[in-house]
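Chemist: return atomic coordinates for the entry below.
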Amino acid sequence: MKSNFELFTHRRHLARFISRYELFMKILKIFFYLSFFGILFLSCSNEDSEINSEPEIIEAYEALNVSYGLDNNQVFDIYLPENRTEDTKILFLIHGGSWVGGDKEEMNGVKDYILENHPSLGIVNMNYTLAGANSPPVPMQTDDISEVVNYITTNKSSLIVSDDIGFIGVSAGAHLSLLWSYANDTNNQVAMVCSIVGPVNFTDPAYYNSTNPVYQSIYLLFGNPSIPFLESASPYHTATATSPPTLLFYGGQDPLVPSSQGIDLDSQLTNLGVTHEFTFYEEEGHGWVGQNLEDTFTKISNYINQYL
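Modeler: Coordinates of the predicted model:
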């Protein structure tokens with residue numbers, strides 16, 4: 001028989017064992033609950049994460065007659081596509097009108113074509129300050145282009161666009177597009193520029209030595225400037241080996257822009273090694289319709305696909 005002391009000791013050990021066992025079970029139960037709720041929490045968090053990981057939908061953006069200066073003509077329209085990214089490029093449209101007239105609405109046909117055929121591009125269709133007796137086109141109008149380009153560059157994060165741009169200009173707008181791309185693009189933003197019947201060389205004898213009052217009115221508008229100034233205002237003279245890819249369209253029967261303008265710039269760009277394409281419609285004037293217009297749009301579209 002066990003002594004009373006042994007029984008006491010045995011009971012004490014048994015009590016300790018039971019106490020420790022109960023403590024162990026309590027800890028195990030707490031661990032179980034913590035594990036269960038932890039798994040439940042993680043599951044909910046993962047579901048929330050999956051919901052929140054869905055890509056944000058960026059809506060299309062359109063704003064008309066955005067002011068960028070005090071003059072009534074210092075306004076532009078902007079069209080940005082949905083789901084755009086910081087790589088979305090902007091195509092600038094520059095209207096014609098002999099530097100003294102015209103309006104961005106004249107480029108709506110081009111704008112609509114680009115929206116339909118290149119929906120991933122953004123578009124800026126701009127007006128600029130019109131020239132007058134005491135306000136020559138250059139540098140006033142190229143400064144206006146700089147203002148709008150700077151607006152896009154400064155606000156590219158909020159607009160969700162790239163600062164890479166392209167140009168399509170018609171007539172005087174083509175001259176301004178080329179001149180800005182060749183002489184004013186200090187940040188190398190221009191990926192391509194397209195000139196449709198744009199004057200490019202004001203020292204060309206076909207202009208400079210002509211008695212044609214239409215041609216001579218250009219020099220009056222520019223303030224009868226010196227030859228160095230005319231060269232600085234001529235894309236033919238400001239083009240360099242680093243000028244952007246250039247697309248040119250000219251008509252052989254143009255009463256406003258001599259054929260030599262497009263032909264000479266084509267040769268100049270070839271000599272400089274500038275990537276370019278030159279289309280000369282022998283029987284067309286200062287603009288065209290029908291099959292040649294379709295050809296123009298097709299070539300513009302291909303150029304955009306390749307360079308913008």
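Chemist: switch to C-alpha atoms for all contacts and neighbour counts from now on
Modeler: Fine.
Chemist: the helices in the stretch 51-200 of the chain, which residues?
Modeler: For the stretch 51-200 of the chain, applying DSSP state H, counting those that start in this stretch gives helices covering 108-117, 137-154, 156-159, 172-179.
Chemist: list the buried residues in the longest one.
Modeler: So the one you mean is helix 137-154. 137-138, 141-145, 148-149, 152-153 (16 or more other C-alpha atoms under 10 Å).
Chemist: so, low pLDDT: which residues of the chain?
Modeler: Residues of the chain meeting the criterion pLDDT under 70: 1-54.
Chemist: so Asp87 makes contact with Ile165?
Modeler: No: assessed by C-alpha atoms under 8 Å, Asp87 is found out of contact with Ile165, at 10.8 Å.
Chemist: more neighbours: which of those two?
Modeler: Ile165 (25 against 13; other C-alpha atoms under 10 Å).
Chemist: and the more buried one, what are its bridge partners?
Modeler: As for beta bridges, Ile165 partners with Ile90, Val190 under DSSP bridges.
Chemist: and what of Ser67?
Modeler: According to DSSP bridges, the partner residues bridging Ser67 are Val75.
Chemist: enumerate every residue touching it.
Modeler: By C-alpha atoms under 8 Å, 6 or more residues apart in numbering, Ser67 lies in contact with 74-76.
Chemist: and those residues as CSV, adding distance to Trp180?
Modeler: Listed next are the contacts of Ser67 as CSV, based on distance: C-alpha to C-alpha, whole Å:
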residue, distance to Trp180
Gln74, 17
Val75, 18
Phe76, 17
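Chemist: got the residues you listed as CSV, with distance to Glu277 and neighbour count columns?
Modeler: Output for those, formatted as CSV (distance: C-alpha to C-alpha, whole Å; neighbours: other C-alpha atoms under 10 Å):
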residue, distance to Glu277, neighbour count
Gln74, 32, 21
Val75, 31, 21
Phe76, 29, 20
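Chemist: for Ser232, state which of the residues you listed is nearest.
Modeler: For those, the minimum distance to Ser232 (C-alpha to C-alpha) is 23.8 Å, reached by Gln74.
Chemist: ok, that closest one - contacts?
Modeler: Gln74 neighbours (C-alpha under 8 Å, 6+ apart): 67-68, 126-129, 144.
Chemist: can you flag the buried ones in those residues?
Modeler: 68, 126-129, 144.
Chemist: what about Ser195, neighbour count?
Modeler: 27.
Chemist: can I assume it is in contact with Phe249?
Modeler: Yes: contact criterion C-alpha under 8 Å: Ser195 and Phe249 qualify, at 6.3 Å.
Chemist: can you pull up the most central residue in the protein?
Modeler: Geometric centre of the chain, nearest residue: Ile90, 1.7 Å, by C-alpha atoms, centre = their mean.
Chemist: ok so, going back, which one among the buried residues of helix 137-154 gets closest to Thr203?
Modeler: Scanning those for proximity to Thr203, where the rule is C-alpha to C-alpha, the winner is Val138, at 15.3 Å.
Chemist: contacts only, for Ser177.
Modeler: Ser177 neighbours (C-alpha under 8 Å, 6+ apart): 94, 167-169, 193-195.
Chemist: wait, I meant Leu130
Modeler: Counting by C-alpha under 8 Å, 6+ apart, Leu130 makes contact with 73, 99-101, 137, 141.
Chemist: against Gly96, how distant is it?
Modeler: 11 Å (C-alpha to C-alpha, to the nearest Å).
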